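Undergrad: here is a sequence with its predicted model. Questions after.
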Amino acid sequence: MGKPGPKKCAACKLGPPDWRYTCQECKNEFIMPAPMGPSEEEARVCPKCKSKNIKRTDIVKSEACPPGG
Ligand SMILES: [Zn+2]
């Protein structure tokens, strides 16, 4: 039963994690803050080619609080 509980620290209060996206058009990978709502996510476009055909591939946690660190 040694599941370590999540540790809170000041850095964790910086905000939500970032989301990593891959553009399906130009294969550009980019990171944006997690959206505040579905409408905000729908409005997102690739910063390189402005395509809306983007796909979230990962959630990037704050560098201040790396997993296990
Ligand atoms: Zn693109």
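TA: Thanks, I have the structure now. Computed from a predicted structure; not experimentally measured.

Undergrad: beta partners for D18?
TA: In this structure, D18 bridges to P33, V60 when assessed by DSSP bridges.

Undergrad: roughly how far does K55 sit from K61?
TA: Remark: distance between K55 and K61 (CB to CB, to the nearest Å) = 19 Å. Where you see a C-beta, it was placed from the backbone N, CA and C, and this is true even at glycine.

Undergrad: meant to ask about T22
TA: For T22, the distance to K61 - CB to CB - is 18 Å.

Undergrad: do E29 as well
TA: From E29 to K61 the distance is 17 Å (CB to CB).

Undergrad: now do I54
TA: 20 Å.

Undergrad: those two: who's more crowded?
TA: I54 (22 against 13; other CB atoms under 10 Å).

Undergrad: from memory the more buried one sits against W19, does it?
TA: No - with contact defined as CB atoms under 8 Å, I54 does not reach W19; the gap is 10.1 Å.

Undergrad: quick one: mean pLDDT for stretch 47-56?
TA: The pLDDT scores in stretch 47-56 average 97.

Undergrad: pLDDT of stretch 34-44, averaged?
TA: Computed over stretch 34-44, the average pLDDT equals 92.

Undergrad: so when I look at E40, I'm seeing a helix, right?
TA: Yes - assessed with DSSP: H, G, I helix; E, B strand; the rest coil, E40 lies in a helix.

Undergrad: show me where this structure has strands.
TA: 18-23, 29-33, 54-60 (DSSP state E).

Undergrad: can the shortest one be found next to the ion?
TA: No - counting by CB under 5 Å from the ion, the ion has no neighbours in strand 29-33; the shortest distance is 8.5 Å.

Undergrad: please determine how far the closest residue to C26 other than its chain neighbours is located from I59.
TA: Leaving aside its chain neighbours, C26 sits nearest to C49 (4.5 Å; criterion: CB to CB, 6 or more residues apart in numbering). For C49, the distance to I59 (CB to CB) stands at 23 Å.
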